[in-house]
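here's my sequence, what's the structure:
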Amino acid sequence: MSRMATVSALVGRRVRGVIAFSSRSLAVSFEEEPRVFLWIHLERKDAWYALARDMPIEPDPRGSRFQAIETPLRRATVSEGRARESGGVDLLFDSQAAEGRILRLTIDAEGPRVNLSLTAEPDGPTLWAYHREERRGPAKDAAPHGPAAPELPLGYRPPIVRDASSEDEREALRGKIEAAFHVEFQSEMERTFKSAERTLERRAGAAEEDIRNAREMIADRRRGEILLASFGSIQRGASRVGLPDPFADSPRATVEIILDPTLTPDENAARLFQRAKKGERGEKRANERLAETRENLSRLNELRREASRTDPRKLLGILGRFLENAKIDSSARGDVRETYLGRQAVAAPRAGRPGLGTPGAHKSLRPRTYVLSDGWEVWVGRTNTENDLITHRLSNPHDFWFHVVGAPGSHVILRRPTRNSIPKPTTLVEAAQIAAYFSKARKQTRVPVIYTERKFVSKPRRGKPGLAHCTREKELLVRPKKPGTHPAV
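Here you go, the predicted model:
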């Protein structure tokens, strides 16, 4: 089947949805019978596409990374299919969601790498692109009096887009898509396992340290007994005293005991006994924590050994339940990352224990932080006061600010690593989904969310905490999603 025949077979068909198989593989599903799927797989220098009656593999159980393509293309109709001279195809869609504009889905090989992009016609913006860098493909021959074309590097191979709709090529493409998913899935699972292992090892180390400290406190019982046995020889107001140690092997051994000079020897001994009781309780709890942590480490190693033999969807469920039961939160970061703009992006802190802070002590300004699938950080305000804090004090002017439309919700800041960093549409969608989730509109199916650069957000004079006005905003219609989880396929 020729490239022109492949794309022309889709004319008149309506898109049912976009199915993800990995970050580099997807299929566009069409509604009419018989069902048809357009497979697309991208590598650095090569891209493949094919028409088939079935999907190459099961959908990615981690969820789709192509929401920015699926949202405008859903229920859009193919109006025209074109084969590109340089290789690849153009599919034109009539879509009501695009406000009467024509959408163009392109697979091309015109740059240094193959690319997949979705644009709005005519002269519309690029809604999504697999690669967004400026095209730097091989230059055409220069005009006679123009500048000479740059020389291509030695061994340069131009990118190629291939039509794999024949039966043999389609089966080979199925194998490539399956291999790409397994490599990506196993790499992500290995990162998750290593992160959970580091967390549990830190817990075990902390529990062992608590046990050592508790045993040191338990040793105060012996000091208290020595103090009571010799309290008659202790001068009042002494801050420390050296007394013979009857529990030692050497008859001349002594032990030094630190005292509170404002207390009597009896009161000092009672204080040591109380500290010993506290150590006994602490040792018991620390031993329980250590045993539980070692059991979780053993269970984690067992899951790690069985991961390669477990169905991916089932493995995600088992691992998710394990992390929940082990109280391991993989959705938030626990470190501090420096940014190029001189501020610190502080990760989500552990919850403080109530009643243990020193009165009047300074509290660290540490907003709740999540990390998106491509590494960008998101800050989420917990209260109206914290909304003001992250929006007007901690964020940079060129960070992105998100808020749900028509309902109370948290301010959400998408941190830019550099001033000129451009987020992918999927990154904007993920941040908008977080803003929708942390709002009163969480239970709605689709929620409108506006976003703009933070420099266009202002606080009214004498406005209440959390109140903000914005300009130059854009709007996304997204499905609320809890950070760190993936929607069901």
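
please count neighbours and contacts with C-alpha atoms only from this point.
Will do.

my guess is Glu80 contacts Val89. True?
No: if you go by C-alpha atoms under 8 Å, Glu80 and Val89 don't touch, sitting 10.7 Å apart.

higher neighbour count, the two?
Val89 (25 against 17; other C-alpha atoms under 10 Å).

enumerate every residue touching the more buried one.
Contact partners of Val89, counting by C-alpha atoms under 8 Å, 6 or more residues apart in numbering, are Arg3, Val7, Gly81, Arg82, Ala83, Thr106, Ile107, Asp108.

tell me the bridge partners for it.
Here Val89 sits in beta bridges with Ala83, Ile107, going by DSSP bridges.

now do the same for it: its pLDDT.
Here the pLDDT value assigned to Val89 is 88.

what about it, distance to Pro397?
When distance is defined by C-alpha to C-alpha, to the nearest Å, Val89 is 40 Å away from Pro397.

still on that earlier bit, which of the contacts of Val89 sits closest to Arg191?
Ile107 (31.5 Å; C-alpha to C-alpha).

how close does the closest one get to Ile160?
Taken as C-alpha to C-alpha, the spacing of Ile107 relative to Ile160 amounts to 10 Å.

now swap in Ser8 and tell me
Distance, Ser8 to Ile160, using C-alpha to C-alpha: 21 Å.

next, format the contacts of Val89 as TSV and append distance to Leu297.
Below are the contacts of Val89 laid out as TSV (distance: C-alpha to C-alpha, whole Å):
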residue	distance to Leu297
Arg3	53
Val7	52
Gly81	55
Arg82	55
Ala83	55
Thr106	47
Ile107	46
Asp108	48
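
got a winner among these for most neighbours?
Within the contacts of Val89, most neighbours by other C-alpha under 10 Å means Ile107, with 26 neighbours.

in terms of secondary structure, what does the helix or strand where Met189 lies contact?
Mapping Met189 onto the secondary structure by DSSP states H and E places it in helix 167-218. Under the contact criterion of 3 or more C-alpha pairs under 8 Å, 6 or more residues apart in numbering; DSSP states H and E, helix 167-218 touches helix 265-306.

compute the inter-axis angle for the helix it packs on and helix 167-218.
160 degrees (axes from the mean of the first three to the mean of the last three C-alpha atoms, to 10 degrees).

just the strands in the stretch 301-450 of the chain please.
Remark: strands assigned in the stretch 301-450 of the chain by DSSP state E, counting those that start in this stretch are 336-338, 344-346, 368-371, 377-380, 400-404, 412-414, 447-453.

quick one: mean pLDDT for the third one?
For strand 368-371, the mean per-residue pLDDT is 90.

and that strand, what other elements does it pack with?
In terms of contacts (3+ C-alpha pairs under 8 Å, 6+ apart), strand 368-371 is packed against strand 377-380.

and the strand it packs on, how far out from the chain's middle?
When distances are taken as C-alpha atoms, centre = their mean, to the nearest Å, strand 377-380 is centred 10 Å away from the chain's centroid.

contact partners of that strand?
Residues from elsewhere that reach strand 377-380, judged by C-alpha under 8 Å, 6+ apart: 345, 367-372, 387, 390, 410-416, 431, 435.

contacts only, for Leu91.
Val7, Val78, Ser79, Glu80, Gly81, Arg82, Arg104, Leu105, Thr106.

max pairwise distance over those: which two?
Farthest pair in the contacts of Leu91 (C-alpha to C-alpha) is Ser79 and Thr106. Separation: 14.0 Å.

quick one on the thing from earlier: which of the contacts of Val89 sits closest to Arg215?
Ile107 (67.1 Å).

return the residues in contact with that closest one.
Going by C-alpha under 8 Å, 6+ apart, Ile107 touches Ala47, Gly88, Val89, Asp90, Val114, Asn115, Leu116, Ser117, Val161.

please apply the same query to Arg223.
Applying C-alpha under 8 Å, 6+ apart to Arg223 gives the contacts Val255, Ile257, Ala269, Leu272.

over to Ala180?
By C-alpha under 8 Å, 6+ apart, Ala180 lies in contact with Ser22, Arg24, Ser25.

closest to Ile211 out of those residues?
Nearest to Ile211 among those: Ser22, at 45.8 Å, using C-alpha to C-alpha.

got the contact list for the closest one?
Going by C-alpha under 8 Å, 6+ apart, Ser22 touches Asp60, Arg65, Ile177, Ala180, Phe181, Glu184.

okay, the residues you listed in JSON lines with pLDDT and distance to Leu51 next?
Formatted as JSON lines, the contacts of Ser22 follow (pLDDT from 0 to 100; distance: C-alpha to C-alpha, whole Å):
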{"residue": "Asp60", "pLDDT": "91", "distance to Leu51": "19"}
{"residue": "Arg65", "pLDDT": "80", "distance to Leu51": "21"}
{"residue": "Ile177", "pLDDT": "95", "distance to Leu51": "14"}
{"residue": "Ala180", "pLDDT": "94", "distance to Leu51": "19"}
{"residue": "Phe181", "pLDDT": "95", "distance to Leu51": "20"}
{"residue": "Glu184", "pLDDT": "93", "distance to Leu51": "24"}
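
which among those count as buried?
Applying 16 or more other C-alpha atoms under 10 Å to the contacts of Ser22, the neighbour count classes Asp60, Arg65, Ile177, Ala180, Phe181 as buried.

grab the CA positions of stretch 121-134 and hand them over as PDB.
Taking C-alpha atoms only, stretch 121-134 is exported to PDB below (Å, rounded to 0.1, in the frame of the first residue of the first chain):
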ATOM      1  CA  GLU A 121      -4.600  26.100  10.300                       C
ATOM      2  CA  PRO A 122      -4.300  28.600   8.800                       C
ATOM      3  CA  ASP A 123      -1.300  30.200  10.500                       C
ATOM      4  CA  GLY A 124      -2.400  28.900  13.800                       C
ATOM      5  CA  PRO A 125      -0.100  28.000  16.700                       C
ATOM      6  CA  THR A 126       1.600  24.600  17.200                       C
ATOM      7  CA  LEU A 127      -0.600  22.900  19.800                       C
ATOM      8  CA  TRP A 128       1.800  20.000  20.400                       C
ATOM      9  CA  ALA A 129       5.100  18.800  19.000                       C
ATOM     10  CA  TYR A 130       7.300  15.900  19.900                       C
ATOM     11  CA  HIS A 131      10.400  18.100  19.300                       C
ATOM     12  CA  ARG A 132      10.100  21.900  19.600                       C
ATOM     13  CA  GLU A 133      13.600  22.900  18.700                       C
ATOM     14  CA  GLU A 134      14.100  25.100  15.600                       C
END
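
average pLDDT for it, rounded please.
Throughout stretch 121-134, pLDDT has a mean value of 75.

mind listing what's buried along it?
Using 16+ other C-alpha under 10 Å as the test for burial, stretch 121-134 gives Glu121, Leu127, Trp128, Ala129, Tyr130.

tell me which of the residues you listed is nearest to Leu300?
Ranked by distance to Leu300 (C-alpha to C-alpha), these are led by Tyr130 at 35.1 Å.

so the nearest residue to that closest one once chain neighbours are set aside, which state does it fall into?
Leaving out its chain neighbours, the residue that sits closest to Tyr130 by C-alpha to C-alpha, 6 or more residues apart in numbering is Leu116, at 5.4 Å. Using DSSP: H, G, I helix; E, B strand; the rest coil as the criterion, the local structure at Leu116 reads strand.

can you check the pLDDT for Leu116?
Leu116 is given a pLDDT of 93.

so it touches Ala129, yeah?
Yes: counting by C-alpha under 8 Å, Ala129 is a contact partner of Leu116 at 5.7 Å.

before we move on, back to that, using a markdown table, lay out the buried residues of stretch 121-134 together with secondary structure and distance to Ala326.
What follows is the buried residues of stretch 121-134, written out as a markdown table (DSSP: H, G, I helix; E, B strand; the rest coil; distance: C-alpha to C-alpha, whole Å):
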| residue | secondary structure | distance to Ala326 |
| --- | --- | --- |
| Glu121 | strand | 51 |
| Leu127 | strand | 40 |
| Trp128 | strand | 38 |
| Ala129 | strand | 39 |
| Tyr130 | coil | 37 |
